[in-house]
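Engineer: Whatever this is, show me its structure:
(chains A, B, C, D, E, F, G and H)
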8 protein chains.
Amino acid sequence: MEITVYLAGQIHDDWRRELKEKAQEKGLPIHFTGPMENHSRSDNIGEEILGEQPNKIAKDEAASQMNNLRTRVLLNRSDVVLALFGEEYRQWNSAMDAGAAIALNKPLILVRPEKLHHALKELSEKAQVTVETPEQALQALSYIFETE
Amino acid sequence: MEITVYLAGQIHDDWRRELKEKAQEKGLPIHFTGPMENHSRSDNIGEEILGEQPNKIAKDEAASQMNNLRTRVLLNRSDVVLALFGEEYRQWNSAMDAGAAIALNKPLILVRPEKLHHALKELSEKAQVTVETPEQALQALSYIFETE
Amino acid sequence: MEITVYLAGQIHDDWRRELKEKAQEKGLPIHFTGPMENHSRSDNIGEEILGEQPNKIAKDEAASQMNNLRTRVLLNRSDVVLALFGEEYRQWNSAMDAGAAIALNKPLILVRPEKLHHALKELSEKAQVTVETPEQALQALSYIFETE
Amino acid sequence: MEITVYLAGQIHDDWRRELKEKAQEKGLPIHFTGPMENHSRSDNIGEEILGEQPNKIAKDEAASQMNNLRTRVLLNRSDVVLALFGEEYRQWNSAMDAGAAIALNKPLILVRPEKLHHALKELSEKAQVTVETPEQALQALSYIFETE
Amino acid sequence: MEITVYLAGQIHDDWRRELKEKAQEKGLPIHFTGPMENHSRSDNIGEEILGEQPNKIAKDEAASQMNNLRTRVLLNRSDVVLALFGEEYRQWNSAMDAGAAIALNKPLILVRPEKLHHALKELSEKAQVTVETPEQALQALSYIFETE
Amino acid sequence: MEITVYLAGQIHDDWRRELKEKAQEKGLPIHFTGPMENHSRSDNIGEEILGEQPNKIAKDEAASQMNNLRTRVLLNRSDVVLALFGEEYRQWNSAMDAGAAIALNKPLILVRPEKLHHALKELSEKAQVTVETPEQALQALSYIFETE
Amino acid sequence: MEITVYLAGQIHDDWRRELKEKAQEKGLPIHFTGPMENHSRSDNIGEEILGEQPNKIAKDEAASQMNNLRTRVLLNRSDVVLALFGEEYRQWNSAMDAGAAIALNKPLILVRPEKLHHALKELSEKAQVTVETPEQALQALSYIFETE
Amino acid sequence: MEITVYLAGQIHDDWRRELKEKAQEKGLPIHFTGPMENHSRSDNIGEEILGEQPNKIAKDEAASQMNNLRTRVLLNRSDVVLALFGEEYRQWNSAMDAGAAIALNKPLILVRPEKLHHALKELSEKAQVTVETPEQALQALSYIFETE
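Structural biologist: Numbers count the residues shown, from 1 in each chain, chains lettered A, B, ... in the order given. Predicted coordinates for the structure are as follows:
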């Protein structure tokens, strides 16, 4: 049995690559998916496909259509959603993805530094698992397959 | 036919009361629900019911249980979810509620100042309606009932 | 027991009013809902609420948000969806509403002139009832409540 | 991960074959399905299986049963539905399929020439992505798998 | 709290009226619904609404559309489905309604003479309650409301 | 793409084996499942597993548990349900399976001799496809995969 | 807005009556439902309706049919499920009801003495709210309606 | 066709290993999953991942998060749930898992010694199959695949 985990959260550093490498080292049967991590491409994908848009709002809407298509297809195919929150970004996308995961009965793993606990307390209470680092999340995922 | 609208969003000013008053002036058959708006009570409700907790995290978790109970019951009973975002707060709760509304097939009305458009673009694209003020949201709700 | 019937279809003549009057004459416990029937208001509702839009496409998108909000709320609350097709309009809205009704397990009554049968054959096959006039549709609705 | 895309829309020209060839050239892990594209066979399949029918309506109903069986099985198995609209046909089937896709929570990609925007505005607003050509739709699908 | 019970089963004798009278005598808060009990009207309702049909099969199909509309609307609104089977009729309708009730998570009460047990054993095993007489079914329904 | 078809219906002759052989000859990617076709084993499976039961009703209930386990697992995994009705048996099981298939949104193919049309008219109206022979059903299934 | 709360748990003392009285004193718009609290009637209801059964197991099965009918109807109609666990009984019914509530997306309030925490830890983690007394549960329910 | 069976129940003896061995001997296409069977690891997994917790309740909650993540992922992927009850443990987990399985429309096989029948009668009545030993459960599972 292989499971699929969607990695929601900020796309400003390399945390997904590190997570995947560690999962591979452990030999875990987990397939990871996630959003486009190239930030400028994610912002420009609407114009890349549809051509130049009249204004910034139209450009954003076009990009969001494409990004949301990706997220919906991948979220529908996932067994678990992992959402990482950090201190620097508003990450409303991640909170929305987390809310969708909960409503779709996909277990949610919330990863956040302890100091964000108060701001994320309702989300944490709804998550299946709340941890502080991606490594801890990986341990929780690994535990699904362990037998002793 | 009466509809029920859950008002998600920040609880730091009086926007819900104003909205309800305007709806009443217009004679709209809308029943509004929402979170506890007394901020300190919302933070302390866990200890109010369960007694003093060992630390801040436990206090937050206890409060979140109660706040989420309220939200779930009221969200399940609503026909529409209205989520207001402002510039000052992170409002991850609101984004999570918005995500849940979308996944539960409840139409979402997103209210946000234009300058938050970029940060909220994916959420906006998923909302049924995006407007800039609560008054505009009320017009959209009123339109459901108008006949000419 | 009262039932709610959503009346999908063209908004260019008076068929909904006639249907409601006949239902009232028969004393049927049916509550009818439907789209905004004032065509120009339906086209302009986006700008009415959000202000002038930069171009026609943006104007149409704004109007569609409002019209679809109305349809979703009312469709979710209906027991039956009646969709009327005529020869003059493309009525893709109606076909989309019909498809949504079927997928949501709401029985669909299709009303269409016989000569549209071929073009509508797949839709007819999925409808619960296919008739040629609104009066026949009303007879089918009335039959739900009759006891002898 | 491979995804399955159902190609709804008119069957009067070769757009599906072109789309599949371009997907293959790009090496995309997409499996495409769709309706019977041989128009006369699609119209006659009822009589082919059940024998001659008493009249045209019965012939159409028999054919629709078979065409809808195909569509339902394939739509239930798809991750995304792509619906192409052109200027020449009424294509109520496509609109109905689009409505079903939306209600079943399958992301919809709407492909239509810009001049059909007004007639399709409500459908466009409900689609996950709206583009003007099959090539653009393919770019959107490709984006689901791209990593940089 | 009032509950609604759909009474599926043969329409050749007066069992529904008797059941309703007994429920009324007991003052039970139960609203009963069911199929058209006038057998010839049930067979002719298609032609009554649509006019004469070319042959018997078309006549039957037209009638079934109307009867199934009624059943679907009423079944969707029911809390419990009661299905009565007797020795004289094939009653495939009733078995189909029973299967639909089970799949829709509506509790099913099966009423059948003991000697039909073998033929109905799989259906009985899926029913929530199996009894031999409508009076026993009414006792089971009454028990939902009793407090001592 | 392979599809799975559950073959509901009587187990008194060899129709399933013939159907499978014909499907194999045609090279169709269809996996068929169905009930236990050894009639006496199907009746005795409860006692075979649980030991002798006190009376016939208990024996029947034990057997039904096992038969329904099998049906539920296989029905949940199927894309299409085919139900065959003949003149000799009451086949309430088949009608119940058909009702479950419809409610679970699995397309139903009804196979019945023409003379059973009246007794099965409501079931026929709900089926996706109604044919008279297993061969015709197989043609309808084959059509799902054909491309010209 | 009135909500309905199903009170699962042991039926050996008077906790439900006390809870209802307190809710009434507070004027809360809550309708409470629950199982038959007369223990011997709950054990005998099968024989009361169906007549004497051949052995204890058959008697138990008959009673369970009736008790589960009641529970399913009332659970389907509830907004919240409250499950009380005490030290003296195994209460597998209550745990099963709790599991059903969670799976049906009904918020669960778990009431248990602190010393049962370890045995109930997985259930507690899934509950929306965990408290130690019915009074605390009532405070949590009351909080849903409070506005300051 | 391979099916997946989740083995809920106590983790104090070796019953799962024995069951798997017997299934393997019989060559059954069944993939078994289940909880962590190392009892102390199951109790400590929260602290293993999150570090030492302030008190026993926090330790239990942390462990439950991880155990419930595992159960949810595996239960969502299963075709059948088997729940074993014995005389020595309270096993509220198992009853909760059983309730979830029923609500999620996964057939449940209940395994319990006859003397627990009374305490488990409502659960037994909801199970698809009730047997006394794991061997009998395996026979029932094997029967799904047998053809004569």
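Engineer: make it CA atoms for all contacts and neighbour counts henceforth
Structural biologist: Noted.
Engineer: Mind listing residues that contact the strand of greatest length in chain A?
Structural biologist: Taking DSSP state E as the criterion, chain A has its longest strand at strand A:3-9. Applying Cα atoms under 8 Å, 6 or more residues apart in numbering or on different chains, the contact partners of strand A:3-9 are A:16, A:29-35, A:74-75, A:77-85, A:91, A:93-94, A:97-98.
Engineer: just the helices in chain A please.
Structural biologist: Along chain A, counting by DSSP state H, helices occupy A:15-25, A:39-50, A:56-76, A:92-103, A:121-126, A:134-143.
Engineer: Switch those helices over to a markdown table; also include mean neighbour count.
Structural biologist: Formatted as a markdown table, those follow (neighbours: other Cα atoms under 10 Å in any protein chain shown):
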| stretch | mean neighbour count |
| --- | --- |
| helix A:15-25 | 14 |
| helix A:39-50 | 18 |
| helix A:56-76 | 21 |
| helix A:92-103 | 26 |
| helix A:121-126 | 22 |
| helix A:134-143 | 20 |
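Engineer: Tabulate those helices (CSV), appending distance to chain F and mean pLDDT.
Structural biologist: Shown next, in CSV, are the helices of chain A (distance: least, Cα to the nearest Cα, whole Å; pLDDT from 0 to 100):
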stretch, distance to chain F, mean pLDDT
helix A:15-25, 30, 96
helix A:39-50, 30, 96
helix A:56-76, 19, 94
helix A:92-103, 21, 88
helix A:121-126, 30, 90
helix A:134-143, 27, 97
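Engineer: of the ones you listed, which approaches chain H most closely?
Structural biologist: Ranking the helices of chain A by proximity to chain H (Cα to the nearest Cα) places helix A:134-143 first, at 5.8 Å.
Engineer: and the most far-flung residue of chain A relative to its centre, how far is that from chain E?
Structural biologist: Using Cα atoms, centre = their mean, the residue of chain A lying farthest from its centre is A:P54. It sits 30.6 Å away. Separation of A:P54 from chain E (Cα to the nearest Cα, to the nearest Å): 48 Å.
Engineer: A:I45 reaches A:A63, doesn't it?
Structural biologist: Yes: the pair A:I45 / A:A63 is scored as a contact, 5.2 Å apart, by Cα atoms under 8 Å.
Engineer: Reformat the helices of chain A as TSV; add distance to G:E2.
Structural biologist: Listed next are the helices of chain A as TSV, based on distance: least, Cα to Cα, whole Å:
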stretch	distance to G:E2
helix A:15-25	46
helix A:39-50	46
helix A:56-76	35
helix A:92-103	24
helix A:121-126	25
helix A:134-143	40
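Engineer: Turn those into CSV, including distance to chain E.
Structural biologist: What follows is the helices of chain A, written out as CSV (distance: least, Cα to the nearest Cα, whole Å):
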stretch, distance to chain E
helix A:15-25, 40
helix A:39-50, 42
helix A:56-76, 23
helix A:92-103, 20
helix A:121-126, 27
helix A:134-143, 33
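Engineer: quick one: which of those helices is nearest F:T133?
Structural biologist: Nearest of the helices of chain A to F:T133, taken as Cα to Cα: helix A:56-76 at 38.7 Å.
Engineer: and that closest one, anywhere near chain H?
Structural biologist: No: applying Cα under 8 Å from any Cα of the partner chain, one finds helix A:56-76 out of contact with chain H, separated by at least 13.5 Å.
Engineer: how distant is that helix from the center of its chain?
Structural biologist: The chain centre lies 14 Å from the centre of helix A:56-76; the measure is Cα atoms, centre = their mean, to the nearest Å.
Engineer: Give me the residues contacting it.
Structural biologist: Helix A:56-76 has contacts (Cα under 8 Å, 6+ apart) with A:6, A:33-36, A:42-47, A:50, A:52-53, A:81, A:101, B:117-118, B:121-122, B:125, D:79-80, D:107, D:128-129, D:140-141, D:143-144.
Engineer: Let's see that with 7 Å instead.
Structural biologist: A:6, A:33, A:35, A:42-47, A:53, B:118, B:121-122, B:125, D:79, D:107, D:128-129, D:140, D:144 (Cα atoms under 7 Å, 6 or more residues apart in numbering or on different chains).
Engineer: Next up, the contacts around A:Q53.
Structural biologist: Applying Cα under 7 Å, 6+ apart to A:Q53 gives the contacts A:47, A:59.
Engineer: Would you mind measuring from it to A:E61?
Structural biologist: Applying Cα to Cα, to the nearest Å, the value for A:Q53 to A:E61 is 10 Å.
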